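*Asks:* Show me how the following folds:
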Amino acid sequence: MNDLVEVDRAEIHILVDNATDGLSSTPINVEGEFAFQNRRGLRASSDRCLCCAVHGLSCLVTVERGSTRHAVLFDSGPEEYAFERNTTRLGVELGDVEGIVLSHGHWDHAGAMKLALQRIRGGNGGRTVPFHVHPGMFRQRGVRLPDGGVRLMDDVPSIAELEGLGAEIVSTTAPQHLLDDMFHVSGEIPRVTPFERGLPNQVRRTDDGRGWEPDELLMDERWLAVNVKDKGLVVLSACSHAGIVNVLTHAQASFPGVKLHAVLGGLHLSGTNEKIIPETVAAMRSFGLAQIGAGHCTGWRAMAALAQAFGDDVLAPSAVGKRYWF
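*Replies:* Residues are numbered from 1 along each chain as shown. Alright, predicted model coming up:
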């Protein structure tokens, strides 16, 4: 898979995230929500221009090579209200989206997928949309509680529902290149670190649908990457249930000789994973990243540790409406 085409430019626009922060200063290659809106011609500040933050993630990834331009939607966030509000207020042209990648089978990344499909096809003349999934995403999931019970998670939209709305399902566990080989979707992520152990107490329905089985590794999770000329690999890891060190190790192994330039997304170092923050931050140093756009499920304790370790030159926390370009 070393033939991933170099692109001249990549832009990542955060459509949904856990935080909103339009005021903080940003690196030169990052534009906050308010600055972006001002550049678009915002005439007055009011509640009518604000995006909203919710627990989830959605990113629009656009690349350019010469006169060729492609756009992919990476996840949709948890629910339709935030996705519609934010894409409308950010002036996002969803009709430009040529493919969708669902990172893994959790509701906070897939809850607005049906609306996203409708909006994309409403803007592209009704064409079908390639929709890239792992076949393991569609089992019912839950979390095992201390009393032995299971707290259910909302299901992601089914293949039948997605196809009914114009999705062209591409279901595979193998890595893929998309859109003139300018995007890479990983295969299953090898688990090689001793400390990254997935999501404790995660369970899924058994094949017969009658019981529950452990699913802490969430093997359906995958990362998305682009290779930017003179910079290197920009990796999007939506939740990092595999562990961000495992993700970056896999990305490095998938493209030997290509520098890792940046990683964006949720690092899932909140909740029960707070205990592995020191090991994770220490291990991330070895990749020589130029930028870390951490957000979503990273958690404030991990964000503080990343700031301490990498400083403002590297850490550029994600927030709704932010644009990163490379």
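*Asks:* Can you check the distance spanned by stretch 286-299, start to finish?
*Replies:* 22 Å (C-alpha to C-alpha, to the nearest Å).
*Asks:* just stretch 228-239 next, same as before
*Replies:* By C-alpha to C-alpha, one end of stretch 228-239 lies 23 Å from the other end.
*Asks:* which of the residues in that stretch are buried?
*Replies:* In terms of neighbour count (16 or more other C-beta atoms under 10 Å), stretch 228-239 has its buried residues at 228, 231-239. Using the backbone N, CA and C atoms, a C-beta is placed for each residue, glycine as well.
*Asks:* tell me the strands in the stretch 201-326 of the chain, going along the chain?
*Replies:* Applying DSSP state E, counting those that start in this stretch to the stretch 201-326 of the chain gives strands spanning 202-205, 212-214, 224-228, 232-237, 260-266, 291-295, 323-325.
*Asks:* got a list of contacts for the first one?
*Replies:* With C-beta atoms under 8 Å, 6 or more residues apart in numbering as the test, strand 202-205 has contacts from 139-144, 150, 211-216, 218.
*Asks:* that older thread, right, so of the strands of the stretch 201-326 of the chain, which gets closest to His184?
*Replies:* strand 224-228 (4.7 Å; C-beta to C-beta).
*Asks:* Output the contacting helices and strands for the closest one.
*Replies:* Judged by 3 or more C-beta pairs under 8 Å, 6 or more residues apart in numbering; DSSP states H and E, the packing partners of strand 224-228 are strand 6-7, strand 9-16, strand 58-65, strand 183-185, strand 232-237.
*Asks:* residue boundaries of the helices in the stretch 1-150 of the chain?
*Replies:* Assigned helices in the stretch 1-150 of the chain, in chain order: 33-39, 80-89, 107-110, 113-123 (criterion: DSSP state H, counting those that start in this stretch).
*Asks:* For these, give me TSV that also has mean pLDDT and distance to Ala53.
*Replies:* Below are those laid out as TSV (pLDDT from 0 to 100; distance: least, C-beta to C-beta, whole Å):
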stretch	mean pLDDT	distance to Ala53
helix 33-39	86	10
helix 80-89	97	8
helix 107-110	98	12
helix 113-123	98	18
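*Asks:* closest to Glu274 out of those?
*Replies:* Here helix 107-110 is closest among the helices of the stretch 1-150 of the chain (C-beta to C-beta), at 18.7 Å.
*Asks:* Using PDB, write out every CA atom in that closest one.
*Replies:* Extracted C-alpha coordinates of helix 107-110, given in PDB (Å, rounded to 0.1, in the frame of the first residue of the first chain):
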ATOM      1  CA  TRP A 107     -23.400   5.900  18.100                       C
ATOM      2  CA  ASP A 108     -21.400   9.000  18.900                       C
ATOM      3  CA  HIS A 109     -19.800   8.700  15.400                       C
ATOM      4  CA  ALA A 110     -22.700   7.500  13.400                       C
END
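*Asks:* hang on, the earlier thing: the contacts of strand 202-205: which two are farthest apart?
*Replies:* Greatest spacing in those, by C-beta to C-beta: Gly211 and Leu218 (18.6 Å).
*Asks:* Which of these two has more residues huddled nearby?
*Replies:* Shown here are Gly211 and Leu218; by other C-beta atoms under 10 Å, Leu218 has more neighbours (21 against 10).
*Asks:* what mean pLDDT does stretch 214-230 have?
*Replies:* On average, the pLDDT along stretch 214-230 is 97.
*Asks:* Could you pull out the buried residues of it?
*Replies:* 215, 217-228.
*Asks:* and what of stretch 286-295?
*Replies:* Neighbour-count burial for stretch 286-295 flags 287, 289-295 (criterion: 16+ other C-beta under 10 Å).
*Asks:* which other helices and strands contact the lowest-mean-pLDDT helix or strand in the chain?
*Replies:* Lowest mean confidence among the helices and strands of the chain (mean pLDDT, DSSP states H and E): helix 33-39, at a mean of 86. Packed against helix 33-39, as judged by 3+ C-beta pairs under 8 Å, 6+ apart, are no other helices or strands.
*Asks:* follow-up on the earlier one: if we only consider the buried residues of stretch 286-295, which is nearest to Asn273?
*Replies:* Ala294 (13.2 Å).
*Asks:* Who's the closest spatial neighbour of the closest one, skipping the chain neighbours?
*Replies:* Of all residues not flanking Ala294 in the chain, Leu267 sits nearest, at 5.3 Å (C-beta to C-beta, 6 or more residues apart in numbering).
*Asks:* With Ala242 instead?
*Replies:* Ala242's closest residue in space is Ile189 (C-beta to C-beta, 6+ apart), at 4.1 Å.
*Asks:* Now do the contacts for that neighbour.
*Replies:* Per C-beta under 8 Å, 6+ apart, neighbours of Ile189: 219, 221-223, 242, 246-247, 250.
*Asks:* let's see it at 10 Å
*Replies:* 196, 217-223, 237, 240-243, 246-247, 249-251 (C-beta atoms under 10 Å, 6 or more residues apart in numbering).
*Asks:* I'd like to know the phi and psi angles of the residue most central in space within the chain, please.
*Replies:* By C-alpha atoms, centre = their mean, the mean C-alpha position of the chain lies nearest to Ala238, the distance being 3.1 Å. Taking degrees, to the nearest 10, you get phi -70, psi -40 for the backbone angles of Ala238.
*Asks:* Fine by me, thanks again.
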